[in-house]
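K.L.:
mind looking at a prediction? Sequence and model below.
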Amino acid sequence: MVVIVRSAGEYLYLPGVIREVGFYSLHRKVFLGWVGCLRVERLGFSFWRWDVAKGAEKEITDLREINRMLKMFIACNQALLEIKSEEELKGNISKVVVEKGNYAMCWVGVLEEGDFVPVAYVRGRGYVEGRKTNWQVIASSGGPTAEALRGNASLEKNMLDVPFGEPWREEVLAGSFRFFVSLPLVYQGERLGVFNVYARKAGCLTGERYRLLGDLASDIALALSLLRVRLLQEELREALEVSEERYRLIFEHAPMGLLEFGLAAKETCQESANEEEIGWMGKFPFRLTLLRANRQALSTMGAENLQVVRETFLSLFPEDSLVSLETFLVSVFGGSRESQKELAICTPDRKSGYWQFDGICIPAEKESEKRAVIAFADIIERRMAQEEEKRWYADLEKLFGQVVRMASALIEVRCPYTAGHQRRVARLAYAIGKELGMDEEALQVLSIAGMLHDIGKMGIPAEILNKPAQLTGAEWELVKTHVQLGYEVVKDVDFPPRVKQAILEHHERLDGSGYPRGLKNGQITLEGKILAVADVVEAMSSHRPYRPSLGIARALEEIQRQRDCLYDARLVDLCVRLFQERGFSFEDEPISFRNSANFL
């Protein structure tokens, strides 16, 4: 006969007792015999009396051990719910396993960027300082812990039977507890660390105890993974808060006006009015809302607060600008990067002006959650400066053209028979270049070079230039020097190099028979070739002191005859097409020197 007394609040995990008691371990039912039951309330104890079957004492001992393990399991899971850091997880779990599970020692090691950092707790001594070790060093030892690091659990082992590289070996042997298990901490295939538990006697880490420890290792791995996710979320949240604060400070103190717009679905707007809304966006299926405006925006608009901006923003724009603003905002919200959009505005005091807008969209998963930040600045002073600059450039171009024409006119004073020759050559060279598809800057080069190509004749005696008879050999050689003289005149002027080269090469020929340097096809610039064709056509079709005009037809016939020999074939064809198909005339319109101020 055996009587067992348990104090109130201390119990075994046993089912209720009526006549026959079945004590349940995790896998089997143990029959202990017939039971009679009596409760004595005033003593605060419960008494159970039964006849104990043979061998039941061991089963009861095992059940008490399982009860202790379950308490440890519950305490560990409670600790896992409260942890705030990995160090706290490793320390608390090690302590609970030792104190609640009645084990000699426990340690939890976690992989941290290639290092293995364990925390251990020893019965009677408390925490033992961990040793940071490279996990590959442990893995190379080949012991149970190495296997656990690879994801493989080990059964109960004797420390004397494992390699000397096993962690905590000295502590274990010094404490005379030699039996242990190594369990991997793995979650969704990711190896997170190792969970080792030590006992003084063999058999304390087997059977149901081993299974419960394995379940605990899985719970530790899950908690560790969730902890890392939570810590990462907190880190991201803090980074987001810092980023938002920086954005707020930058937004608020930016030197230009900044407006942040959002969108509200039209259906929502029809149901309830939103004080942030400032107007419809045409056919765009959202209503525009103004979320914030910085100090500079309020100052530029002359508004006291954000609500005033909401009420007056659209009224600042004339009808044409309002349409352009709508197109601009729709484009920004559509994801296009819009920049330097200039719109006319009319301030409340009826003053006209210009604002320049720049916008960028802040994307979101939902269309209605998109944001757009619009930067704007009052550019009326800049526009006035630009207009003044345009007038200045126009005056400069006008002056430049007058200087070029004046230099060209000086030649005509020396040689009245060639009056207008340079202007007409420039006109034809410009037309050939345009037909060729040259850009405006290249066309201006042709115009300037054409107007000045004979400026070197200022150094030739007037009696030779105006001689009514054929020139002698010596006189002709002197006239040919005007090309080099003209180049010397302009070489120190800040003209584009192509202007100077064209002046120097307008008498060169493809076969090398030209002057002054006898250049051949591949050595002559395009501008030089164009000027050569234009010069010959104009000279042959105009009157000279020593002969009458030969006419356009004869001039075109001459360049066609020398096509691809003296003159570039493509340029000859274009020149002929100008006269025969385009109706070109030397007197059509004067030469323009637009953008020529860029050369100065």
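P.N.:
Arrived safely.

K.L.:
so where do the strands sit in the stretch 101-250 of the chain?
P.N.:
Along the stretch 101-250 of the chain, the stretches classed as strands by DSSP state E, counting those that start in this stretch are 105-112, 115-122, 126-128, 133-134, 157-158, 179-187, 190-199.

K.L.:
nearest approach to Trp392 belongs to which of these?
P.N.:
Checking the strands of the stretch 101-250 of the chain against Trp392 by C-beta to C-beta gives strand 105-112 as the closest, at 68.3 Å. Bear in mind the C-beta positions are built from the backbone N, C-alpha and C, glycine included.

K.L.:
list of residues touching the closest one?
P.N.:
Contact with strand 105-112 is made by 86, 89-90, 93-95, 97-98, 116-123, 130, 135, 145, 149, 167-168, 171-172, 175, 177, 185, 191-198, 220, 224, as judged by C-beta atoms under 8 Å, 6 or more residues apart in numbering.

K.L.:
quick one: average pLDDT of it?
P.N.:
The pLDDT scores in strand 105-112 average 86.

K.L.:
that strand pairs with which strands?
P.N.:
Strand pairing for strand 105-112, using DSSP bridges, gives strand 115-122 (antiparallel), strand 190-199 (antiparallel).

K.L.:
burial of Gly126, as a residue count?
P.N.:
Residues lying near Gly126 (other C-beta atoms under 10 Å) number 10.

K.L.:
and the closest residue to Gly151 other than its chain neighbours, what are its bridge partners?
P.N.:
Spatial nearest neighbour of Gly151, chain neighbours left out: Pro184 (4.9 Å); criterion: C-beta to C-beta, 6 or more residues apart in numbering. Pro184 forms beta bridges with Val194, as assigned by DSSP bridges.

K.L.:
angle of the biggest helix by length in the chain against strand 190-199?
P.N.:
In the chain, with assignment by DSSP state H, the single longest helix is helix 207-253. With axes from the mean of the first three to the mean of the last three C-alpha atoms, to 10 degrees defining the directions, helix 207-253 sits at 140 degrees from strand 190-199.

K.L.:
which positions within the following helix or strand past helix 207-253 qualify as buried?
P.N.:
For helix 207-253, the succeeding helix or strand toward the C-terminus, using DSSP states H and E, is strand 257-265. The neighbour-count check on strand 257-265 (16 or more other C-beta atoms under 10 Å) flags 257-264 as buried.

K.L.:
pick the one among the residues you listed closest to Glu587.
P.N.:
Using C-beta to C-beta, Gly257 comes nearest to Glu587 of the buried residues of strand 257-265, at 55.0 Å.

K.L.:
what count of nearby residues applies to the nearest residue to the closest one once chain neighbours are set aside?
P.N.:
Spatially, and ignoring its direct neighbours in sequence, Gly257 is nearest to Ala297 (3.6 Å; C-beta to C-beta, 6+ apart). By the criterion of other C-beta under 10 Å, Ala297 has 24 neighbours.

K.L.:
doesn't Leu428 make contact with Leu446?
P.N.:
No. Taking contacts as C-beta atoms under 8 Å, Leu446 lies outside contact range of Leu428: 9.4 Å.

K.L.:
between those two, who's got more neighbours?
P.N.:
Leu446 (30 against 24).

K.L.:
quick check, the more buried one in a helix?
P.N.:
Yes. Leu446: assigned to a helix according to DSSP: H, G, I helix; E, B strand; the rest coil.

K.L.:
ok, it - contacts?
P.N.:
426, 429-430, 432-433, 438, 502, 527, 530-531.

K.L.:
separate out the buried members of those.
P.N.:
426, 429-430, 432-433, 438, 502, 527, 530-531.

K.L.:
tell me which element the spatially closest residue to Arg405 that is not a sequence neighbour is part of?
P.N.:
The spatial neighbour of Arg405 that comes closest, neighbours along the chain excluded (C-beta to C-beta, 6+ apart), is Met451 at 6.9 Å. Using DSSP H and E, Met451 maps to helix 440-452.

K.L.:
and that helix, what's its mean pLDDT?
P.N.:
Across helix 440-452, the average pLDDT comes to 89.

K.L.:
where do the domain boundaries of this structure fall?
P.N.:
Following the assignment in automatic domain parsing, the chain carries domains at 2-54, 68-231, 255-378, 388-599.

K.L.:
so Tyr546 versus Arg123, what's the distance?
P.N.:
Taking C-beta to C-beta, to the nearest Å as the measure, Tyr546 falls 127 Å from Arg123.

K.L.:
quick one: which of these two has more around it?
P.N.:
Remark: of Tyr546 and Arg123, Arg123 carries more neighbours, 16 against 12, as counted by other C-beta under 10 Å.

K.L.:
re earlier: after the helix holding Met451, which helix or strand is next?
P.N.:
Sequence-wise, the next helix or strand downstream of helix 440-452 (DSSP H and E) is helix 462-465.

K.L.:
list the buried residues for that next one?
P.N.:
Those would be 464-465, for helix 462-465 by 16+ other C-beta under 10 Å.

K.L.:
the next helix or strand after it: which residues count as buried?
P.N.:
Per DSSP H and E, helix 462-465 leads on to helix 473-480 as the next helix or strand towards the C-terminus. By 16+ other C-beta under 10 Å, the buried positions in helix 473-480 come out as 475, 479.

K.L.:
what mean pLDDT does helix 473-480 have?
P.N.:
Average pLDDT, helix 473-480: 89.

K.L.:
so which elements touch the helix or strand just after it?
P.N.:
Sequence-wise, the next helix or strand downstream of helix 473-480 (DSSP H and E) is helix 482-490. Packing partners of helix 482-490 (3 or more C-beta pairs under 8 Å, 6 or more residues apart in numbering; DSSP states H and E): helix 497-505.

K.L.:
okay, the angle between the helix it packs on and helix 482-490?
P.N.:
Going by the same axes, to 10 degrees, helix 497-505 makes 150 degrees with helix 482-490.

K.L.:
can you tell me what sits against helix 497-505?
P.N.:
Identification of contacts with helix 497-505 by C-beta under 8 Å, 6+ apart yields 442, 445-446, 448-449, 452-453, 455-456, 483-484, 486-487, 490-491, 516-517, 519, 524-525, 527-532, 599.

K.L.:
now which of those would you call buried?
P.N.:
By neighbour count, with 16+ other C-beta under 10 Å, the contacts of helix 497-505 hold 442, 445-446, 448-449, 452-453, 455-456, 483-484, 486-487, 490, 516, 519, 524-525, 527-532, 599 as buried.

K.L.:
before we move on, the earlier item: was I right about the residue nearest to Arg405 contacting His421?
P.N.:
No. Using C-beta under 8 Å, Met451 makes no contact with His421, being 10.3 Å away.

K.L.:
give the contact list for Glu171.
P.N.:
Counting by C-beta under 8 Å, 6+ apart, Glu171 makes contact with 105, 120, 122, 128.

K.L.:
over to Val572?
P.N.:
Residues in contact with Val572 (C-beta under 8 Å, 6+ apart) are 533, 559-560, 563-564.

K.L.:
give me the below-cutoff pLDDT ranges for this structure.
P.N.:
Applying pLDDT under 70 to the chain flags residues 1-58, 114, 129-137, 139-140, 164-168, 264-286, 337-339, 348-350, 416-419, 588-600.
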